[in-house]
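Mind folding the following:
(2 chains)
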Amino acid sequence: MADAGAGSLHGGDSALSCLPEEQELSQRLRRLYPAVNQEETPLPRSWSPKDKYNYIGLSQGNLRVHYKGHGKNHKDAASVRATHPIPAACGIYYFEVKIVSKGRDGYMGIGLSAQGVNMNRLPGWDKHSYGYHGDDGHSFCSSGTGQPYGPTFTTGDVIGCCVNLINNTCFYTKNGHSLGIAFTDLPLPAMISNQFMELLQEYIQHLFKSNLYPTVGLQTPGEIVDANFGQQPFVFDIEDYMREWRAKIQGTIKRFPIGDRLGEWQAMLQNMVSSYLVHHGYCSTAAAFARITDTTIQEEQTSIKNRQRIQKLVLAGRVGEAIEATQQLYPGLLEHNPNLLFMLKCRQFVEMVNGTDSEVRCFSARSPRSQDSYPGSPNLSPRRGSNNSHVHSTGADSPTCSNGVLSTKIKQSCSKYQALSSSSSSSSSSSPSSVNYSESNSTDSTKSQQHSSTSNQETRHLAFLSFFYLSDSEMEMEAEHYPNGVLENSSTRIMNGTYKHEEILQTDESSMDNCPQRQLCGGNHAATERMIQFGRELQTLSEQLCREYGKNTMHKKMLQDAFSLLAYSDPWNCPVGQQLDPIQREPVCAALNSAILESQNLPKQPPLMLALGQASECLRLMARVGLGSCSFARVDDYLH
Amino acid sequence: MEASSFQRLLYLLQQETSSTELRTECAVVLGSLAMGTENNVKSLLDCHIIPALLQGLLSPDLKFIEACLRCLRTIFISPVTPEDLLYTDATVISHLMALLSRSRYTQEYICQIFSHCCKLQHWHSCGFKSLPQPLLCANGPDHQTILFNHGAVQNIAHLLVSTSYKVRMQALKCFSVLAFENPQVSMTLVNGKHKVLVDGELLPQIFVKMLQRDKPVEMQLTSAKCLTSMCRAGAIRTDDSCIVLKTLPCLVRMCSKERLLEERVEGAETLAYLIETDVELQRIASITDHLIVMLADYFKYPSSVSAITDIKRLDHDLKHAHELRQAAFKLYASLGANDEDIRKKIIETENMMDRIVNGLSESSIKVRLAAVRCLHSLSRSVQQLRTSFQDHAVWKPLMKVLQNAPNEILVVASSTLCNLLLEFSPSKEPILESGAIELLCSLTQSENLALRVNGIWALMNVAFQAEQKIKSDILRGLSTEQLFQLLSDSDVNVLMKTLGLLRNLLSTRPHIDHIMSTHGKQIMQAVTLILEGEHNIEVKEQTLCILANIADGTTAKELIMTNDDILQKIKYYMSHSNAKLQLAAMFCISNLVWNEEEGSQERQDKLRDMGIVDILHKLSQSSDPNLCDKAKTALQQYLA
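Take a look at the predicted model:
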């Protein structure tokens, strides 16, 4: 009764108190079944109020089941299924049921059943139905007669049911103790088969077969049971059982026989490593690897170096220079890939906001830092989302500016909010600021610093907003009305960069991090004007592409996201601010690299990545056809 | 290899003047030789290799020390090497403890040496401790204590978290040996005065982590052994979750078919030891993973398949067949020690009784002993004694086992016989017909205390409600001298059972008179002696009960009535502070004053003169209802 009271209390403020509980459940389920795509195959979280016999009553968030029939004989048996079937991608699935009261006779069954199995029965009595019964401790495997299985269970006991989708067995637990295998032939797809046809056949069968749902059945008055689908910690240590199976499956993978093609195998592995190094432009590493393993590299050294240089530029945020270099080294490449070009230009715009693109950097510094030494390649290696921290750590000691006087001035202005008068912004948005650009030097930027510091911040903010909304509306309309694109002009102008360095090495993002307040376009007025001008050009390019190739929602989204940065006073801490993260350069860099390789008739993806993708896709397919072992063979486990 | 070459190598090893490289090489070569046949090791021992290598450990050169340790390790793990050789010089152990910090190799080898040189002085081949006879070791403290006193626990504990698997494993093995049946070590491992913490964790926590199911089986098993020893020593409670939910299930898993035969043997033996004295653990084990059924598989080696498929497998199976059978018997014995339902389940296992009967006549002592233990456990069931024990004529092979068996078997077998001789056991009669009384009488003369207890206990059971002939047989078989020998036995158990035997012999009037007519004088002497001696309440009570029985005889009464000394003693016990003794004395008086019998008047008068009636009046006012009733009944005899 105390329980019922607590339950109603929960009901009162469910909107408030339910959330943390739900969160805890979701967290536990995610931790237990990381391989399950819950959008595709939701996990059971409660009993289904629809899929039950009417002698069954549900309460406490559909977790408590009680019997409300006559309970005269077996014809009064009643069952309820969970809301969802057990997804195969669980690998190992587990739920527990606590016997709150055994009622009159304790005729309770706990188990599994497929959808459509008669609910006027206890689990285990019918085809595709499996149960363990409390009164006699017998297990029922799709049959009216049970087999001696385990101890009886009654009020106060916690019974667990574990489905192993790897070997299609099921065992029960009582108060945290495993009772041993109960069923060995659950109707789930069979063991892993190497034959494709068999797999296909299984898959087809699977489509017609219903999955198993957690099920309980009661038969006499007073019987009450509570389910735990992960709401509470389990009594049985299921995670330890999962650990054992994870180790088993990973052991199988580790010991997978390669056979007598060992030599071939090694050559293949070497080729994979080598092609990966070449793809990402680790020129000397690739050469050293080839030397040691006595293999050859398909691509020429200069070609690799060229790609490496372009990639470095993109990763350093100097997209403008990267575009220029690409056009010089691979003429016609970007012209044939307008989508890629657009992507690069969008990125260039973002980098301008960031203050890293050379088009805006030239305003804030006499010249960008340059070094002649060979760059450290870790700086350029592709990164996954989690470890971007070391992007910032490299070169953290390099100051932004080489000019001492200037840098102090910038520091001064850093402490103040950078502002810009509305008049200057409107003028800059209407006229290209090419003059400022070409004349960039330290005196110039000092002027603009002083100038900008006189303006006030609201006006600047308004200016950006107006720019954003203007461009947004223009994007819709002008797309139709202006047939003369300015793409050719603007892009050539941009290409007229003042610097020609063989190696551009150090990025400035680290020093930006050191500065407590990062500033738009590096905090430079002229640069901001240039950026806004560039934005207009980008707008025009978008319209042109739209005319030539039809509407492209991707482009529109990219453009919108990029322009949205200007709507916030601190773009780095705004909802679209993650665009400014250097990590976002990587997909752009990868796309450009792939395009260059493709143009040279080389694979646009390294075979290693292809194999990785294939493995991931294979695991997804296994999950879909119900091969549970997929859940313990995550690709991520092998990537460190 | 010639002994001379061994000597040459040893000579070179010991030359302080030769280079360390050469000495190291010598140690390595000697180590390799030690890995050869047992004869190699014997020859090396004859050349006094151990002192030479121990001397080498004093060198400052680590490489040389490691080579010496590796060689020592190889020699000490050989079964032909006496462990005591490690303990001949007291400084050796402390030096080895000091070397533990030098390198991971010294750690590995030293731990391995310790775990092989730490044999229990009072090791029972059966691994059970239930026999109350720890043999005292003559040579001072045992190995465990020596190592413990040198700080083994503190020095080795941190190696459990070494980065090297081998070091972790050897350290764990070391603890499993140190803690086995050693409360001192076990207590220290749990907490002790100087709490042993490794990485902020208590050792039991570290052991539990090593039990995880993805850890190597060897590690799980050894860790379970450590926890088992700690539990049996009382350092961890039997209801602690690390025992109930971790250690026990782990050991049950070790019994499964998936494990190697060696692991299954060790798992079953350890589990038998863990649950031996705790009924709750026995109940949990009995329902875990179908253990009782799983154990039946232990009897199927060598399997018919292995004989056909390959000879190697057959050899392997044959080698382990005995070990498997004895381990299964032991575990069955522990499982069935206390719970009637579990006994029933065991006996219902396929061919169980046949297997026990076969086991009783196996050539291997270990198997025979374990089979008897199992039978002993099951013989505690009244129902089984009446049914399956009779159906399988278990008594026949049991009687055979009792002929010329070693003491350790005799102890268990005679204890089993005790149960089979209970009056409701159908086997009682055929056992007696086959000459059991003679056998039991001879057991009472054994030097072995347990055998004396069992012998007299069995005789007591035999005498219960037995016919005159059997009682005479017992008296004749024992001889009066032996009977009085037993009555003056230093062990209270023997005394109690002997008194019990007397009491059983002295029941029903004709038997009492008959026995008292032949042995009256001696019995009265013995009774006086015991009542005068320093004995506990139970012994005195039993003695007074014997007097009461004698007082029930027709002619035997006079032996009491004519013995004033005895009458004074009875009077004394009527006023004793212990109600049990008062009651027993009242039985005597009651029998003596019973007025339907001849001469009752004289007896009543004599007792009145002694002041008994006054005491009776006092007792009839007693608050104890039993005493009060008895006193009133006795007083009524005077009224009639």
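
what helix or strand does the residue nearest to B:Leu33 when sequence neighbours are not counted sit in?
Spatially, and ignoring its direct neighbours in sequence, B:Leu33 is nearest to B:Asn40 (5.3 Å; C-beta to C-beta, 6 or more residues apart in numbering or on different chains). Just so you know, the C-beta spots here come from the backbone N, C-alpha and C atoms, and that holds for glycine as well. Element membership of B:Asn40 [criterion: DSSP states H and E] is helix B:38-46.

which SS class is A:Asp51?
Secondary structure state of A:Asp51, per DSSP: H, G, I helix; E, B strand; the rest coil, is strand.

Next SSE downstream of the helix or strand of chain B with the lowest mean pLDDT?
Lowest mean confidence among the helices and strands of chain B (mean pLDDT, DSSP states H and E): helix B:304-309, at a mean of 62. Under the assignment DSSP H and E, the closest C-terminal helix or strand after helix B:304-309 is helix B:311-335.

and the helix or strand that that next one is followed by, how far out from the chain's middle?
Downstream of helix B:311-335, the first helix or strand assigned by DSSP H and E is helix B:340-348. How far helix B:340-348 lies from its chain's middle: 22 Å, per C-alpha atoms, centre = their mean, to the nearest Å.

what comes up buried for helix B:340-348?
Neighbour-count burial for helix B:340-348, counted by 16 or more other C-beta atoms under 10 Å in any protein chain shown, picks out B:Ile342, B:Arg343, B:Lys344, B:Lys345, B:Ile346, B:Ile347.

Let me see the contact set for the second one.
Right, B:Arg343. B:Gly336, B:Ser377, B:Leu378, B:Arg380, B:Ser381, B:Gln384 (C-beta atoms under 8 Å, 6 or more residues apart in numbering or on different chains).

if you set the cut-off to 10 Å instead, what comes out?
Taking C-beta atoms under 10 Å, 6 or more residues apart in numbering or on different chains, we find B:Arg343 in contact with B:286, B:332, B:335-337, B:377-381, B:383-384, B:388.

okay, B:Arg104: pLDDT?
pLDDT, B:Arg104: 93.

and the closest residue in space to it that isn't next to it in sequence, what does it touch?
The shortest distance from B:Arg104 to any non-neighbouring residue, by C-beta to C-beta, 6+ apart, is to B:Ser164 (4.7 Å). Contacts for B:Ser164 were tallied using C-beta under 10 Å, 6+ apart; they are B:Arg104, B:Tyr105, B:Gln107, B:Glu108, B:Gln170, B:Ala171.

From A:Leu559, how far off is B:Ser164?
Going from B:Ser164 to A:Leu559 by C-beta to C-beta, to the nearest Å gives 58 Å.

likewise A:Glu351?
Taking C-beta to C-beta, one finds A:Glu351 at 15 Å from A:Leu559.

again with B:Ser303
75 Å.

so who does residue 110 touch?
Going with chain A. Here A:Ile110 is in contact with A:95-97, A:99, A:122-124, A:130-134, A:153, A:159-161, A:172, A:214-217, A:225, A:227 (C-beta under 10 Å, 6+ apart).

Chain B, not that one
So B:Ile110 contacts B:57, B:69, B:72-73, B:93, B:95-100, B:102, B:155-156, B:159, B:167, B:170-171, B:174 (C-beta under 10 Å, 6+ apart).

Report the buried members of the residues you listed.
B:57, B:69, B:72-73, B:93, B:96-97, B:99-100, B:155-156, B:159, B:167, B:170-171, B:174.

got the residues of chain B near chain A?
B:211-216, B:220, B:241, B:244-246, B:248-250, B:252-253, B:256, B:283-291, B:293-294, B:341, B:345, B:348 (C-beta under 10 Å from any C-beta of the partner chain).

again, only this time at 8 Å
B:Gln212, B:Arg213, B:Asp214, B:Leu245, B:Lys246, B:Pro249, B:Ile284, B:Ile287, B:Thr288, B:Asp289, B:His290, B:Met294 (C-beta under 8 Å from any C-beta of the partner chain).

since we're on the residue in the stretch 351-500 of chain B that chain A sits nearest to, how many residues are nearby?
With C-beta to the nearest C-beta as the measure, B:Met352 is the residue of the stretch 351-500 of chain B nearest to chain A, at 15.6 Å. When neighbours are counted by other C-beta atoms under 10 Å in any protein chain shown, B:Met352 registers 21.

For it, list the residues it contacts.
So B:Met352 contacts B:Ala296, B:Tyr332, B:Ile346 (C-beta under 8 Å, 6+ apart).

Now do the phi/psi pair for the first one.
The one in question is B:Ala296. Main-chain dihedrals, B:Ala296, degrees, to the nearest 10: phi -60, psi -30.

List the residues that contact it.
Per C-beta under 8 Å, 6+ apart, neighbours of B:Ala296: B:Ala328, B:Thr349, B:Glu350, B:Asn351, B:Met352.

quick one, strands of chain A?
For chain A, the strands defined by DSSP state E occupy A:47-52, A:56-59, A:64-67, A:78-82, A:92-102, A:109-114, A:129-133, A:138-141, A:147-148, A:158-164, A:169-174, A:177-183, A:212-218, A:223-228.

so what strands line up beside the longest one?
Here the strand partners of strand A:92-102, with direction, are listed using DSSP bridges: strand A:158-164 (antiparallel), strand A:223-228 (antiparallel).

Strands along the stretch 51-200 of chain B, start to end?
B:197-198 (DSSP state E, counting those that start in this stretch).

Not counting sequence-adjacent ones, nearest residue to the residue in it positioned nearest to chain A?
Per C-beta to the nearest C-beta, B:Tyr165 is where the stretch 51-200 of chain B lies closest to chain A, at 14.4 Å. Leaving aside its chain neighbours, B:Tyr165 sits nearest to B:Pro216 (7.9 Å; criterion: C-beta to C-beta, 6+ apart).
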